[in-house]
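How does the following fold in three dimensions:
(2 chains)
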Amino acid sequence: MNRSVAITGIGLLSGLGENADAHWEGLSRGAPQPVVDETRFAPYPVHPLGPVDFSTQVPKKGDLRQMEPWQRIGTFTAGLALADAGIAGNLEYLERTDMIVAAGSGERDTATDMKVLETISHTDRDHGDVCPNEILPSNLRPTLFLAQLSNLLAGNISIVHKVTGSSRTFMGEEMAGVAAISTATKRIKAGQGDLFLVGGAFNAEREDMLLNFELGGMLAQGPHSSVWERAAGTKASGLAPASIGAFLVLEELSHAEKRGANVYAIIEDVVSGRCNRKPQSATENARRQLAAMDADLKSEPFAILSGASGAEPATSEELDFLKDVIEQGTGAAIRGYGTVLGHGVEAHFPVGVALAALALRNDKFYPPFDQTGIEKELANCPDQILVSCWGHWRGEAFALVRKAGS
Amino acid sequence: MVACQVDARGRPVVAVTGLGLVTSLGQGLATNWQGLTEGRSGLRRIDRFTTDGLHSNVAGCVDFMGVEPYSAYELSRAMASAVALEAVEQSGIGSRGNFPGPLFIATPPSELEWPQLQRLFAKATGDNSENAYRAMAAGLREGAPSNGFNDLADHVRFATIAERLADQFGTKGQPISVCTACASGVTAIQLGMETIRRGETNAALCMGVDATVHPEGLIRFALLSALSTHNDPPEKASRPFAKDRNGFVIAEGAAAVVLESYDAAKARGAQILGIVRGCGEQADTYHRTRSNPDGSAIIGAIAKSLDDACLGPEAIDYINAHGTGTPENDKMEYQSLKAVFGDAIHGIPISSNKSMIGHTLIAAGAVEAVISLQTIMAGTLPPTMNYDIPDPAIPLDVVANESRRAKVETVLSNSFGFGGQNVCAVFSAEPS
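Reported below is the predicted structural model:
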C-alpha cells in the first residue's frame, strides 16, 4: 500500500491578511515585515489580527455570538481551507471528512474575573473559600463555558461548515498542532481515512493568556526582534504571541487526483518526540528523529522553515542543531517564520507546514526574515522543505514537505 | 512466522491487558467493582467549598488521594498517576519507568482556579483597577525570574499532565492530550487502538482523568441547566433513565487501560482481559449542547462502531450507557439505540454507571470502558440505581437497582459530549 498525503487546501489568517494568497504575497516579496503591536500589551509585543469580516465564513450572527475570538479565528480559517480545497458546502465530502483540531482555549471574561477578585481580595485570606458563588452565577454567561471548552472550536466548525466525519481535539501547546498533522498523516498512509481537516487557532490578544505565559517567564518584552536575535541574547528572549489561524485539508493523493483537486505539496513524513529539556537532550531527540529522513536530507537540497519561538533555551539549541543539519547534509537555508508571524502556539506547526506548501507550489523560497546573517538568500526553491517545531517548553518535531510530482 | 491474530478486515486484534480505576467510590478497580455491584453511591454533599446559593450541591468528589489543598491540576495528576500504575502493574508490561508504547490521555481544562488567582492578585502591582490580569503579570515581572509562582505554570499548560506521566512511566514518543468533551476518555482509547492497528506500536497506555469539582466547575454546568437538583439525599441525585431525572451529577475520577496487540500480549504470556473490537464517531452539526432531534449523529456513531468492530447489532449483549440522567440525553440515547437495534433493544440489558459515580466528564469514557471490560470478565451487570419511576418514553431493559448475573460476550459503551461529540466503543471477551 503506497499512499501519499497531499495538501489540497490551505486556510491562513493573521495580521498579514486572510487566505493563503495574502500570506504568500506578504512573505515572499522584498523584506517581509511583521505586523506587531508593541504598545497595547506593553511590555509584551503581540502580533494582532487586522480587521476581519468573519461573516464571510461564519454567516450567522448567532454563531459568531457563541464564539470567543480563538473560535472565530479557527472557524473562519477552517472555512477558508475547505473552500480552497473545493469541498466547502459539499456534504458528500464533508460527511466523511475527519477533523483534528489543535486547541488550548480557556478564554476568560476578564471583566467578570476582576469583579470577583476585587470582592474576594477584601475578604479574610484564611477563609479564602469565600467563594465566587455570589458573583459568578449572575455574571457568567451560560455560553462562556462553551467558549472556553477546548473542543468547541471543532464543535463550531462542525456546526458552521458541516464537517462531521469525526471531530477530535488535541491539546498541549505546539505539540497539539504537531500531533494533529502527524496523526492525520499516519492515518492517511495506513488507510484509516482519505480526507482530513487539520489545524489550529490562537488568540494572542488576551491578558489572561499573557499572564499564563508570564507564569513560566516565556514572553518576549520590548521592541520586536527576530527570533534569532532573541536566541543570541542581543535582545530579550521569549516568544511573541500571535493571533493566527492555520488549517489544512490533507488528502490521500489518488483521492485528490480523482476529484481533480489542486495539490499544493506532499507531506512526506512527520516525526515528533519529547524529552525533559536538559541541555542537549532536545538535540539528541531531534537527531534521532531526522535519522528517519536521512536519505532524503542527504541526497537532495532542502530548505528549512523553523518554528523557533524565541523562548530560551529551546531557540538557541534548535538553531545550533539546524546549522549542524545544514552542514551535515544538503540543507540550503533557514527561515524562522516566527519572526514575521509571531508565535501561534497550537497553530504554529500548521502555519509552518502551510508556508512550506506555498513555497513549493510557487517554486520560490522566502527571502530572509532576519538580518543577522543567519538566514541566507536562496535563489531557487529546493523540492523539499523541512519544517521544524520545538515547543517553547516541551516537544520537538519535524515535517518533511515535498513538491508535488517531484 | 506465526500467523497474526487479525480481525475480519485483516487488522491486528487489540487486546486489553491492564485496567486502573479511581472514582468517588474509591481507589482501585476491585474497590470500585464491589461498590458498583452492591449499588453503593460515591455521591455526597459537597464540603470542599461552600455551595451557598447554588441549586445543586451534590458531587462525586475524590477526597482520598492526599491532595491538599485541592486543585484540579494536582488532583488530576495524582489520580492519573494512580490509575496508570494500577493498569501497568496489572499488565506486567515493560519495566518500571519504561512503558513500551505511546500515551494517549484525556485531560480536563488547564486553567488557573480562584485560590490561585487570589494568590496572584495579592502580589499584583500597578493599576489593578484597570485590568487585574495585567496587574498580576506586572507583579510576576517584578519577582522574575524566580517569581514564587513558577509552579503555577504547570497548571496552565495543557501538555503538563501528559508530560509528567510520560516522565514517570517512560512512555514512548510524543504523548497526545485529547479533548472530545464528555467523550474524551473513549477517544483516548480509540487513538491507542488505531495506533496498534497501524502497526506502529505493540502497546499503548490510554486514559482519562477529570477533577473539576470546584465552584466554577459546578456553576458552569448549573448555568447550562445540566445538573440534578435532587440534592436530598445525595445518593439519590443521579437518576438515569428514570422519569423524574433532571440532570447529571458532576464527579471526579480517572481510568487507564493498557492496550496491546493481541499477538504481542500472547507472546509475552500476558493475561488478556478483553478485546477492543472497534470504535465509531460522528460529529453533530445541530447545536453546541444538544443533539439533533433526529439522533442522526448518535445513530451514526453507534453504527460506525459496530461496523468498525465487524459486528452486527445482534452481537451486543449489554450496553454501558452514556446515561447522564439529563432529560434530553437519556431520551436521545434511547431513540438512537432503538433506531440501530430496532425492537431487539427492549431485550438488551443496559446500565448507567453514572447513577452511582456521577458524571466524570472528560474521564467518563475511560471509566466506563474499564467498567465495561470488568462486566464482561465478572459476568455481573452493575445496576442503574435510583431507577424507581421508569420513564414510559424510554422502554429499555434497565438493570434496575440491583446487579444482575449474565454472560456477556460483547458490550457497547456510549459516550457523548458537548460540541457535537459522539463516540462509541465495542468491547468483547477474549476469543475462545
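
how about low-confidence regions in the stretch 301-432 of chain B?
Applying pLDDT under 70 to the stretch 301-432 of chain B flags no residue at all.

Pull the number of nearby residues for residue 41.
Defaulting to chain A. A:F41 has 21 neighbours, counted by other CB atoms under 10 Å in any protein chain shown. C-beta coordinates here come from the backbone N, C-alpha and C atoms, glycine included.

try chain B instead
Residues contacting B:S41 under the criterion other CB under 10 Å number 24.

Excluding chain neighbours, what is closest to it?
Spatially, and ignoring its direct neighbours in sequence, B:S41 is nearest to B:E235 (3.6 Å; CB to CB, 6 or more residues apart in numbering or on different chains).

Which phi and psi values does B:L25 adopt?
phi -80, psi -20 (degrees, to the nearest 10).

which residues touch it?
Counting by CB atoms under 8 Å, 6 or more residues apart in numbering or on different chains, B:L25 touches B:T31, B:N32, B:G35, B:L36, B:R40, B:G42, B:M356, B:I357.

Report the contact partners of the first one.
The reference is to B:T31. So B:T31 contacts B:L25 (CB under 8 Å, 6+ apart).

now the fifth one
With contacts taken as CB under 8 Å, 6+ apart, B:R40 has the following neighbours: B:L25, B:M356.

Do I have it right that A:R230 meets A:P313?
No. Using CB atoms under 8 Å, A:R230 and A:P313 do not qualify as a contacting pair, with a distance of 11.3 Å.

more neighbours, the two?
Set A:R230 next to A:P313 and count neighbours by other CB under 10 Å: A:R230 wins out with 27 against 12.

Give me the neighbour count for B:F427.
29.

element containing it?
strand B:421-428 (DSSP states H and E).

so does that strand get close to chain A?
Yes. Counting by CB under 8 Å from any CB of the partner chain, chain A is contacted by strand B:421-428 at B:Q421.

Look at A:A303 and say how many residues are nearby.
24.

do B:D47 as well
11.

who touches the residue in the stretch 301-406 of chain A that chain B sits nearest to in this structure?
Of the stretch 301-406 of chain A, the residue with the smallest distance to chain B, taken as CB to the nearest CB, is A:R394 at 5.4 Å. Applying CB under 8 Å, 6+ apart to A:R394 gives the contacts A:G172, A:E173, A:M175, A:R274, A:R277, B:A159, B:E163.

ok, now with 7 Å
By CB atoms under 7 Å, 6 or more residues apart in numbering or on different chains, A:R394 lies in contact with A:M175, A:R274, A:R277, B:A159, B:E163.

Other residues contacting the one helix or strand in chain A whose mean pLDDT sits lowest?
In chain A, no helix or strand scores lower on mean pLDDT, DSSP states H and E than helix A:136-139, which sits at a mean of 79. Defining contact as CB under 7 Å, 6+ apart, one finds that helix A:136-139 is touched by A:T112, A:K115, A:V116, B:P215, B:E216, B:I219, B:L223.

Just confirm the first one is within a helix.
Yes. Secondary structure assignment (DSSP: H, G, I helix; E, B strand; the rest coil) places A:T112 inside a helix.

Do I have it right that A:A404 meets A:I267?
No. The pair A:A404 / A:I267 is not scored as a contact, 10.8 Å apart, by CB atoms under 7 Å.

Which residue of those two possesses the greater neighbour count?
Comparing A:A404 with A:I267 by other CB under 10 Å, the one with more neighbours is A:I267, at 25 against 20.

Spit out the contact partners of the residue nearest to that one when sequence neighbours are not counted.
Distances taken as CB to CB, 6+ apart place A:V5 nearest to A:I267, at 4.3 Å, with adjacent residues excluded. Counting by CB under 7 Å, 6+ apart, A:V5 touches A:T185, A:I188, A:K189, A:L250, A:I266, A:I267.

what's downstream of the helix or strand hosting the last one, the next helix or strand?
When you say that, I think you mean A:I267. Assessed by DSSP H and E, A:I267 sits inside strand A:265-273. Note on strand A:265-273: by DSSP H and E, the next helix or strand toward the C-terminus is helix A:281-291.

what's that following helix packed up against?
strand A:265-273, helix A:314-328, strand A:396-403 (3 or more CB pairs under 7 Å, 6 or more residues apart in numbering or on different chains; DSSP states H and E).

which residues sit against that helix?
By CB under 7 Å, 6+ apart, helix A:281-291 touches A:V271, A:G273, A:C275, A:L297, A:A314, A:E317, A:F321, A:V325, A:W390, A:E396, A:F398.

still on that earlier bit, out of the contacts of B:L25, which are buried?
B:N32, B:G35, B:L36, B:R40, B:G42, B:M356, B:I357 (16 or more other CB atoms under 10 Å in any protein chain shown).

Check the second one and give its pLDDT.
Listed pLDDT for B:G35 reads 98.

Excluding chain neighbours, what is closest to it?
Leaving out its chain neighbours, the residue that sits closest to B:G35 by CB to CB, 6+ apart is B:L25, at 3.9 Å.

again with the third one
The shortest distance from B:L36 to any residue other than its chain neighbours is 4.2 Å, reached at B:P382 (CB to CB, 6+ apart).

thought that neighbour was touching B:G35?
No. Using CB under 7 Å, B:P382 makes no contact with B:G35, being 9.2 Å away.

Would you mind listing the two of the contacts of B:L25 that lie farthest apart?
B:T31 and B:M356 (12.8 Å; CB to CB).

quick one on the thing from earlier: need the helices and strands packed on helix A:281-291 in TSV with distance to B:V398, can you?
Converted to TSV, the helices and strands packed on helix A:281-291 look like this (distance: least, CB to CB, whole Å):
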stretch	distance to B:V398
strand A:265-273	45
helix A:314-328	54
strand A:396-403	48
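
Kindly compare burial across these and name the winner.
Ranked by mean neighbour count, the helices and strands packed on helix A:281-291 are led by strand A:396-403 with a mean of 26 (mean count of other CB atoms under 10 Å in any protein chain shown).

other SSEs contacting that strand?
Using 3+ CB pairs under 7 Å, 6+ apart: strand A:396-403 touches helix A:174-189, strand A:265-273, helix A:281-291, helix A:348-362, strand A:384-390.

what do you get if the cut-off is 10 Å, keeping everything else the same?
The contact analysis (3 or more CB pairs under 10 Å, 6 or more residues apart in numbering or on different chains; DSSP states H and E) places strand A:396-403 against helix A:174-189, strand A:265-273, helix A:281-291, helix A:294-299, strand A:302-306, helix A:314-328, helix A:348-362, strand A:384-390.
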